Every structure is written in structure tokens, then in C-alpha cells.
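> what shape does this take:
(2 chains)
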Number of protein chains: 2
Amino acid sequence: MNAPLRVTASAPGKIILFGEHFVVFGEPAIACAVDLRAKVSVEKSKEKVIHIEALDLGCEATFPLKGEKYGFKGKTFRLRPIYTAAAETLDRIGEESGLNISVMSKIPVASGLGSSAATAVATVKAVSELFNASLPDRELFNLALEAERIVHANPSGIDPAVAMHGGVIMYSKRNGVRRLNVKGHIPIIVGDTGVRRSTGKLVQSVGKLRDIYPEIVDPIIKLGGELCLKASKLLEVKDLKGLGSLMNINHGLLSSVGVSSLELERLVYRARGAGALGAKLTGAGGGGCIIALSTPDRARHIAERLREVCREVYISQITSEGVKIDEKTCGT
Amino acid sequence: MNAPLRVTASAPGKIILFGEHFVVFGEPAIACAVDLRAKVSVEKSKEKVIHIEALDLGCEATFPLKGEKYGFKGKTFRLRPIYTAAAETLDRIGEESGLNISVMSKIPVASGLGSSAATAVATVKAVSELFNASLPDRELFNLALEAERIVHANPSGIDPAVAMHGGVIMYSKRNGVRRLNVKGHIPIIVGDTGVRRSTGKLVQSVGKLRDIYPEIVDPIIKLGGELCLKASKLLEVKDLKGLGSLMNINHGLLSSVGVSSLELERLVYRARGAGALGAKLTGAGGGGCIIALSTPDRARHIAERLREVCREVYISQITSEGVKIDEKTCGT
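Numbering: from 1, shown residues only, chains lettered A, B, ... in the order given. You can find the predicted model right below:
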């Protein structure tokens, strides 16, 4: 079989539906893939370099094949996970060819939507396919996780797992990952406050509050876990109204441990007021994004109302589609 | 002893510090008297009528001594609890004299701050004193409670209890009222959203949510109770920082059961941003007031920041002073 000349792969972004923060303390959380995808095209280069063009990240740069020698500076810092994913994959399959990589992503960056993981997973998949290497999923995952370590010191592995497999997963430190059987379209509107906060600091602040008031905060954390279990059942029977109520409750619990903000509340109440079945902050909080659950007919209206007050709004839906090859150009 | 010609009594308003809504389901709540007072002056009238002038309520009217005959119309409706308190007290002490009553209140009305109870308690006290009747506290309380029934179909009795005795109380359906030993000045800033909502409807909505998701809402309610017990201890040792944290947590729990609103969040975050130790909605929610806990030196600054976005702002503090006689003019 001839190796292809050019391969394009894509992988989905993820959102946390329930259980952020509480998952740190051992409770389950639920994450799902959404159909905002990162697309990565790769082709061989005649030169022994890795050239990356990522218009959504606003940068383009050329790196030597062995990255340790390269000092990432300024904007090129953003290309590190893509570079690492490509270089690690080349190394794993024993290729020393240069690469031209082009990245197009619809996933907002640094917003807790798994942009870096989706890009890394798509890169690994595309590079592996370019050389006809049929790496098993486990290997693709590990290579992407390696790239994730560049961005997050201690990644949970959830983001690349969702980018790899799509769908909805429940995970906890104790019980690992379990896939939920969720069918059909579930529209999720994502609204971005535009405010960036440090996930690490927010996680720390909850830990601190728990240290001072364990008798109050521990039950809140435990309740976050209960809520996830209930939500997993409602997801499998697609009880959207019930899920919306649980999202609202979950948002209140996150507010009670201090990770909401006025910017987030503004979007949450705007979405609810526009007819969302439920709305909550997603991810670390303090800023970042909210998600709103909608019936299919209301999604556009909710998005429009959010756009009046919101930097970026995305209409998406839960998708079962994980990483996939979008296009393969072969030589004749 | 000659009966006085004119008596002025005053009673404090109340705020709920912790546990609103959850108290409906049997958990404890904490309420306290604040130094926003309702002042009531009474003197005998030569005519067999009860004349009431209440400039803060924007009305003035004359009623017959036996109120059943009188149809309360329009604005005079607001005078019903005052009238009832006066008429019931006259009846109890066997007097048939007419009265001139003048009411001045610093307590915002219909805001969950116990305005009607404070007015009723001050009226009962003043009328009783005017006729040298030394009614025991229990009787004064029952007469005021009778007047409260005019305003609230099924009053808990907390508002008149706080107006009578001042200070801080913890109460629950199971264990009744317990006074907490709170000393010194604790500044509380009250901000009014100006939005009026039905307490009954909000209480119902929480009950409905609990009916659907008892496994989630029951633990929230129970946690509200735990939080009150913890707060009662912090109040007695005057740990203001800790109390602020618990107020923030309590606010999140109220948000999780759906009784917050964007208007409330706006004031809550504004107060926290201005340096409040903690801030939460108080009372039924959906609108109404927030309270912010402050150190003495920051109270004015917080109030100023709130005034930029808020209809009415009051700097108050927890007071141990219940109903009292302010002035007594005697004949010579």
C-alpha cells in the first residue's frame, strides 16, 4: 500500500457537564465530546523540519525535528503541544521525515474545552496515518497525553480520552472511565465570558475552603458526586428537562464553593431567561465558559440572546464521533 | 400613678442571617435584630376613633374603634396591622378610648426585614404603656402576632419575637427559639434589589424541586441546617471572617435550589468586590434584599459601592435592643 501524500484528521472538543472541582476530591464527573472540532492536515516535507501553521492560534513556525534543542519563544509557545504530538509520533513509528502541519480549530483555546487535547489527538492520528502506521488506540492516546503534559503539568487524561473516543464519559479517581450510552442530538450552547483564570488557583481555593470547613464542604463535594450519578441515568434516558434542573443545582453548588463570578452568573441567567433547560459554569470557573442545555428548537434563540452580552458563543451538540480521518490524498 | 399623655415606643427590624427556605423543612435558621427601627407614638383621642398617620407608608386614615365594620381600601390596607395591634391591645386591657397613632419607620417595607412585625410590636407596647397596663412579654408578643396574621396568613412568629427581644436567635420547628449570646457591634449592610416577589411562590418552588429530586435536595436542606449550627458557634465567638465564608456558602446553596436571581447576584458580587467578608440573599429571594457582613471600617465603602447599582442601601448593625419605650410625656 502506498503511503498517502496528505492526511487530514479531526477530533472533538470536550465540555464538563457535571462534577468539575468535586472530581478532584474523588467524586465522579461527566464529560462529553462536542462537535466543535480541531482539524489537522499533515504532509511530508522535503526538509528535515516540522513546520506548523495554526491560523486560529495566530502563529506559524518552523522547528527542528528534535525539539529539545529548540527554545519555544513568544507565540510559538502555543505550538508546543502540536509539535510534541508530531515529534513523539514520528519517534514512536521510527520515521525521520520532515512534516508540514496545518491546524484549523473551531474549539476556543484556553477555555477548558480541551482544545489542546483535540489538536494533539488529531495530530497523532494524522501523522500515524501518513506513514501507514496502524498504532492501536492505546498508543495514540499515550502519545497525545504526552503532548498534553506540555500544557497541563498533571493532566487527568480526560480531555484526550474524550477527543479520541467521542461520546459521554463518567470518570472518577476511584473507578476510572465509564462510557455512558447517550443517543441522539443534545444541543449545548457554550458562552465564553472572555475572562481567563488559573485552574490551579481555583482548585487550590476550593481545597483551602475544605480544609477550614470540612463539615460543610465535604457534604457539598459528596453531593456533587450524587448529582453526577443521577445525571448519568437521566442522560441515558435523555431526560433533558431533568438534566437542566441538575445543571442549575450543580451551578449553585459550584457557586457555594466560591468558583462562580458575576460574569458567569450574567451568562447563566441570560441563558435561563432565554429558555435554556439549565445552565451552569463549566470547568474551573472564576471566568471561562458557561454551558446551556437546550431543546433543538430553542438553541439558536438562546445563542442570540447570549451574543448580546457575550464575547464568543458556540452552538454545539454532544457528539459520539471521536477522532477520525477526514481526508486522505494518495499519490498515483 | 397618672397615665401618660403620650408614649413613643420603638422596635427593631430583623434579617435572616442563615437558613431561610431550609427552615421550612425543619432545619434551624438564624435571625437577628438590626438597628433599623420602627417608632410608634400614641396618645388618647377625644373621639372614639383610631387615627393613624404613617408617612413612610405614604398614608393616613381614621378608623372606627371596632375594625370589623371597616372595609380597608386602597392604601389604608397597609395600616391594617397597626390598626389591629392597637385595637387588640385596647380590647385586651379593657379600654375604649380613641387613639392618635403616628408611625415613623426606617425599615423598608415588604422586603423581608420584618417591618410589619416591628411596627405591630412597637404599637402594642406603646398602647399598653399609655394606659399603664403592665402586660407581660408573652401577652405583648401574642397581640403583635395577632396583627402579623393580617399580613402573613401563617406567620412563624420569628419576626415579632426578634422585634420584642432584639439580639440573635436560632429557631427551628423542632426545637423552637434559642437566644444566641452575641456581643459587640457586627455591621450588616442591606441592599435592596427593588424587585418584589411572592414568598409563597418561592417556598413552593423549592418544595416542588425537592419532590422531584429528594436525593439531591434533601442533602442540600440538611446541609443548610449544619451550616446554621456552625454559624451559631462562630457568632458567639464573633469570628466575622468565618461567618462571611459561611454566608457565601449559604448563598450558593440558595442559588442551587433556584431562589437567587441576577439582580441579587449583582449586589452580592458588588459587596464582595468592595471588601465584604461575605454576602448573601436574605429572606425568600427571587428579588428582595441582600445582606453583606463587614468589618466596622469598611461598612461605609461597601454601602457606597452598592449605592451605585442599588435602589436602597442601609448600613445597620446587629442590635441587642428589642422593643423599648423611647419617650413618655406625662401630665402635670
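> so where do the helices sit in the stretch 101-250 of chain A?
Remark: helices of the stretch 101-250 of chain A, listed N- to C-terminal, are A:115-130, A:137-151, A:158-165, A:199-212, A:214-236, A:240-256; assignment by DSSP state H, counting those that start in this stretch.
> pick the most deeply packed of those helices.
Stretch with highest mean neighbour count among the helices of the stretch 101-250 of chain A: helix A:115-130 (a mean of 30; mean count of other C-beta atoms under 10 Å in any protein chain shown). In short, each C-beta sits where N, CA and C put it, glycine included.
> picking that back up, nearest to B:Thr193, of the helices of the stretch 101-250 of chain A?
Distances from B:Thr193 to each of the helices of the stretch 101-250 of chain A were compared using C-beta to C-beta; the shortest belongs to helix A:240-256, at 17.5 Å.
> what's the domain layout of chain A?
Domain assignment for chain A by automatic domain parsing gives A:6-180+A:324-329, A:188-316.
> could these go into TSV alongside mean pLDDT and distance to B:Asp137?
As requested, those are arranged in TSV below (pLDDT from 0 to 100; distance: least, C-beta to C-beta, whole Å):
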stretch	mean pLDDT	distance to B:Asp137
domain A:6-180+A:324-329	91	48
domain A:188-316	96	35
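> thought A:Ser45 was touching A:Asn100?
Yes: at 5.0 Å, A:Ser45 counts as touching A:Asn100 under the criterion of C-beta atoms under 8 Å.
> what count of nearby residues applies to the residue lying closest to A:Gly287 once chain neighbours are set aside?
Using C-beta to C-beta, 6 or more residues apart in numbering or on different chains and skipping residues adjacent in sequence, the residue nearest A:Gly287 is A:Val195, 2.9 Å away. A:Val195 sits with 14 neighbouring residues when counted by other C-beta atoms under 10 Å in any protein chain shown.
> for A:Val195, grab phi and psi.
Per-residue torsions, A:Val195: phi -90, psi 130 (degrees, to the nearest 10).
> how about the CA coordinates for the strand ranked longest in chain A, as PDB?
Within chain A, and with DSSP state E defining each element, the longest strand by residue count is strand A:29-45. As requested, C-alpha coordinates have been extracted for strand A:29-45 and formatted as PDB (Å, rounded to 0.1, in the frame of the first residue of the first chain):
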ATOM      1  CA  ALA A  29     -17.600  13.900  36.900                       C
ATOM      2  CA  ILE A  30     -19.300  13.700  33.500                       C
ATOM      3  CA  ALA A  31     -17.600  15.000  30.300                       C
ATOM      4  CA  CYS A  32     -18.700  14.800  26.700                       C
ATOM      5  CA  ALA A  33     -17.400  15.400  23.300                       C
ATOM      6  CA  VAL A  34     -19.000  18.300  21.300                       C
ATOM      7  CA  ASP A  35     -19.000  18.900  17.600                       C
ATOM      8  CA  LEU A  36     -16.600  21.800  17.700                       C
ATOM      9  CA  ARG A  37     -13.600  20.100  16.100                       C
ATOM     10  CA  ALA A  38      -9.800  20.600  15.700                       C
ATOM     11  CA  LYS A  39      -8.700  19.700  12.200                       C
ATOM     12  CA  VAL A  40      -5.100  18.800  11.500                       C
ATOM     13  CA  SER A  41      -3.600  18.300   8.000                       C
ATOM     14  CA  VAL A  42      -0.100  16.800   7.600                       C
ATOM     15  CA  GLU A  43       2.200  16.100   4.700                       C
ATOM     16  CA  LYS A  44       5.800  15.100   4.400                       C
ATOM     17  CA  SER A  45       8.300  17.900   4.000                       C
END
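> check which element follows it along the chain.
Tracing the chain C-terminally past strand A:29-45 and defining elements by DSSP states H and E, one meets strand A:49-54 next.
> contact partners of that next one?
Strand A:49-54 has contacts (C-beta atoms under 8 Å, 6 or more residues apart in numbering or on different chains) with A:45, A:60-65, A:67, A:78-79, A:82-83, A:86-87, A:98-103, A:105.
> those, buried ones only, as a PyMOL selection?
To isolate in PyMOL the members of the contacts of strand A:49-54 that are buried, counting by 16 or more other C-beta atoms under 10 Å in any protein chain shown, one can use:
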select buried, chain A and resi 45+61+63+65+67+78+79+82+83+86+87+98+99+100+101+102+103+105
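> among the contacts of strand A:49-54, which are located in helices?
Here DSSP state H is the test, and the contacts of strand A:49-54 give A:Ile82, A:Tyr83, A:Ala86, A:Ala87 as lying in helices.
> do I have it right that the second one meets A:Phe63?
Spelled out, that is A:Tyr83. Yes: with contact defined as C-beta under 8 Å, A:Tyr83 counts as touching A:Phe63 (5.4 Å).
> center of chain A, which residue is that?
For chain A, the residue nearest the mean C-alpha position is A:Gly114 (2.0 Å; C-alpha atoms, centre = their mean).
> double-check that residue against A:Val34; I have them as touching.
No: when contacts are counted by C-beta under 8 Å, A:Gly114 is not listed as touching A:Val34 (9.1 Å).
> tell me which residue in the stretch 1-150 of chain A sits closest to chain B.
In the stretch 1-150 of chain A, the residue found nearest to chain B is A:Phe18; the distance is 11.4 Å by C-beta to the nearest C-beta.
> so which of the helices of the stretch 101-250 of chain A comes closest to B:Gly74?
Judged by C-beta to C-beta, the one of the helices of the stretch 101-250 of chain A that comes nearest to B:Gly74 is helix A:240-256, at 39.8 Å.
> could I get the helix or strand following the closest one in CSV with only the CA atoms?
Along the chain past helix A:240-256, the next helix or strand (assigned with DSSP H and E) turns out to be helix A:262-273. As requested, C-alpha coordinates have been extracted for helix A:262-273 and formatted as CSV (Å, rounded to 0.1, in the frame of the first residue of the first chain):
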residue,chain,number,x,y,z
LEU,A,262,-20.6,37.8,38.2
GLU,A,263,-19.6,37.4,34.6
LEU,A,264,-20.6,33.7,34.7
GLU,A,265,-23.9,34.5,36.5
ARG,A,266,-24.7,37.1,33.9
LEU,A,267,-24.5,34.4,31.1
VAL,A,268,-26.1,31.7,33.2
TYR,A,269,-29.2,33.8,33.9
ARG,A,270,-29.3,35.2,30.4
ALA,A,271,-29.4,31.6,29.0
ARG,A,272,-32.1,30.5,31.5
GLY,A,273,-34.1,33.6,30.8
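> can the next helix or strand after helix A:262-273 be found next to chain B?
Sequence-wise, the next helix or strand downstream of helix A:262-273 (DSSP H and E) is strand A:278-282. No: in terms of C-beta under 8 Å from any C-beta of the partner chain, no part of strand A:278-282 sits within range of chain B; the closest distance is 10.3 Å.
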